[in-house]
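>>> Dropping the sequence and predicted coords here.
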Amino acid sequence: MIEIRQVGHAFGERVVLRDLTLDLTERRIAVVGGNGSGKSTFARLLNGLLVPSRGHVRVDGLDTRRDGKAVRRKVGFVFQNPDNQIVLPGVAEDLAFGLRNLGLPKDEIARRVDEALHRYDLQALADHPAHLLSGGQKQLLAIAGVLAMAPDIIVLDEPTTLLDLRNKRRIAQAIDALPQRAILVSHDLAFLEGVDRVLVFDEGRVVIDDSPSVALPAYEAMMS
Amino acid sequence: MIPYVPGESPVHRCPPGRKILALVAAGTVLFALPRLDLALAAALLALAATGWLYRVAGIPGRLMLAQLRPLAWILAVLVLVQLALDGWQAGLLVTARLSALVLLAGLVTLTTRSSDLIEALQRGLVWAKPLGANPAKVGLAIALTLRFIPVLAAIAAEVREAQRARGLEGSLVALTVPVVVRMLKMSDDIAAAIDARSYDPDRG
């Protein structure tokens, strides 16, 4: 479970999150909101990439302020732009990057890389330079690189924003099939219809917290 | 940038550390021989041996020639200068020596995954740890350089296109400022992505 207690966050004078208290337990949670509403900052608090200016975020009892490294092993993070997330030049070697950071033995790394390549249909591209992949393939590689590390929870920050329709569907299917709990930040409402819970952000606060059938139409009305 | 070409040849299987050492040794020998005739014989021999190694590695001839393409203009100028100043033997020596070295360096990158190359460099830098160097950080810096050169080239091309659309072609400031701003923003995101994947520089 992710516990968020009286969390506020500011970048200098600019307050981006205000007094959030939430328990995140559902299998699929969507986070929506307008530009600058604080949803991406909120996502980064969940795996300790940012620590809150006020309050606490705990993942299965681990505090992101105190136990940042352990939290990042539990909570994987997929960024909006895969180009900034793929760290090594080749596909297979980028998949191995996070696994090496976990200190796994070589044969276990090779096994997990192979499994990830097969699961996301990237095996023919194992030795391919990452910069020559298509947008959809890059995002799949970014997701595969995080999933290979076997996190308990995965946070995806607008993973389909830069993709065309076909690749959006491909990524949606991949996310749908994830065994992990997932927290999806997205502007793409069609992509969020099957989730268990929706949090709508506005000016750094959660203004709607409900099922998608209630929250998504209310959000659309709010934005129109 | 020409990527790794997968294979199972003896050149592919040779440990990356040995390949780097062989490259360093070849460079030293080719530039250290004092007599022109000896140096020329060694350079031609090295060139022939490199060609043979490409065959052994199963690298197609067009990829081999592609290694030399970026060097073609520099080679041409050097040869002309040598021909004018020192005669045809010196011209031939410069061509053979530089071509052999560039082809050998190319062969190392074509037959070695960059992660293996970086790992070998990291191991080779362990001796520098007591001097305060961090081989893991050096390795990551090299990996990021290899990864982001094409990305930066793509950003520069995008910005150039956008500036051309606004009639600002030819303006160095109009190109440099947006590229630097985007690079700085990108470097923040990359640092966050590296953190998110549990990177610990003190572990290496």
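Good, I have the coordinates.
>>> And chain B, what are its domain boundaries?
With domains defined by automatic domain parsing, chain B comprises B:10-112, B:126-196.
>>> Among these, show the one with the smallest mean pLDDT.
Ranked by mean pLDDT, the domains of chain B bottom out at domain B:126-196, which scores a mean of 86.
>>> all strands for chain A, in order.
Assigned by DSSP state E, chain A shows strands spanning A:2-11, A:14-24, A:28-33, A:54-59, A:62-63, A:75-78, A:153-157, A:181-185, A:197-202, A:205-210.
>>> follow-up on the earlier one: can you tell which of the domains of chain B is closest to chain A?
domain B:126-196 (3.9 Å; C-beta to the nearest C-beta). The C-beta positions use only the backbone N, C-alpha and C, and glycine is treated the same way.
>>> on that earlier part again, of the strands of chain A, flag the one that's most buried.
Of the strands of chain A, the one with the most neighbours on average (mean count of other C-beta atoms under 10 Å in any protein chain shown) is strand A:75-78, at a mean of 27.
>>> Quick check: the gap between residue A:181 and chain B.
Distance of residue A:181 to chain B, computed by C-beta to the nearest C-beta, to the nearest Å: 17 Å.
>>> partner residues bridging that residue?
residue A:153 (DSSP bridges).
>>> Give me the distance from the helix or strand of chain A with the lowest mean pLDDT to the chain's centre.
The helix or strand of chain A with the lowest confidence, counting by mean pLDDT, DSSP states H and E, is helix A:165-176 at a mean of 82. On the basis of C-alpha atoms, centre = their mean, to the nearest Å, helix A:165-176 sits 15 Å off its chain's mean C-alpha point.
>>> what's the angle from it to strand A:181-185?
150 degrees (axes from the mean of the first three to the mean of the last three C-alpha atoms, to 10 degrees).
>>> elements contacting helix A:165-176?
For helix A:165-176, the elements it packs on are helix A:135-147, judged by 3 or more C-beta pairs under 8 Å, 6 or more residues apart in numbering or on different chains; DSSP states H and E.
>>> switch the cut-off to 10 Å
If contacts are counted by 3 or more C-beta pairs under 10 Å, 6 or more residues apart in numbering or on different chains; DSSP states H and E, helix A:165-176 sits against helix A:135-147, strand A:153-157, strand A:181-185.
>>> Compare the strands of chain A and give me the one nearest residue A:139.
Judged by C-beta to C-beta, the one of the strands of chain A that comes nearest to residue A:139 is strand A:75-78, at 7.8 Å.
>>> what's around residue B:131, how many residues?
7 (other C-beta atoms under 10 Å in any protein chain shown).
>>> That should have said residue A:40, apologies.
By other C-beta under 10 Å, the residues close to residue A:40 number 20.
>>> go on, residue A:146?
Burial measure for residue A:146: 26 neighbouring residues, criterion other C-beta under 10 Å.
>>> what's the nearest residue to it if we skip its chain neighbours?
residue A:76 (3.8 Å; C-beta to C-beta, 6 or more residues apart in numbering or on different chains).
>>> can you check residue B:80 too?
residue B:91 (7.8 Å).
>>> Please name the residues that touch the one you found.
B:75, B:78, B:79, B:80, B:81, B:82, B:83, B:84, B:85 (C-beta atoms under 10 Å, 6 or more residues apart in numbering or on different chains).
>>> Now list the buried members of these.
Buried members of the contacts of residue B:91, scored by 16 or more other C-beta atoms under 10 Å in any protein chain shown, are B:75, B:78, B:79, B:82.
>>> Can you lay out those as JSON lines showing secondary structure and distance to chain A?
Shown next, in JSON lines, are the buried ones among the contacts of residue B:91 (DSSP: H, G, I helix; E, B strand; the rest coil; distance: C-beta to the nearest C-beta, whole Å):
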{"residue": "B:75", "secondary structure": "helix", "distance to chain A": "26"}
{"residue": "B:78", "secondary structure": "helix", "distance to chain A": "31"}
{"residue": "B:79", "secondary structure": "helix", "distance to chain A": "33"}
{"residue": "B:82", "secondary structure": "helix", "distance to chain A": "36"}
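>>> Output these as JSON lines; include the columns distance to residue B:65.
Output for the buried ones among the contacts of residue B:91, formatted as JSON lines (distance: C-beta to C-beta, whole Å):
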{"residue": "B:75", "distance to residue B:65": "13"}
{"residue": "B:78", "distance to residue B:65": "18"}
{"residue": "B:79", "distance to residue B:65": "17"}
{"residue": "B:82", "distance to residue B:65": "22"}
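>>> which of the residues you listed lies closest to residue B:195?
Among these, residue B:75 lies closest to residue B:195 (C-beta to C-beta), at 44.1 Å.
>>> Hmm, that closest one is touching residue B:99, no?
Yes - look at residue B:75 against residue B:99 with C-beta atoms under 10 Å: they come within range, at 7.2 Å.
>>> Now the common contact residues for those two.
The overlap between the contact sets of residue B:75 and residue B:99 (C-beta under 10 Å, 6+ apart) consists of residue B:68.
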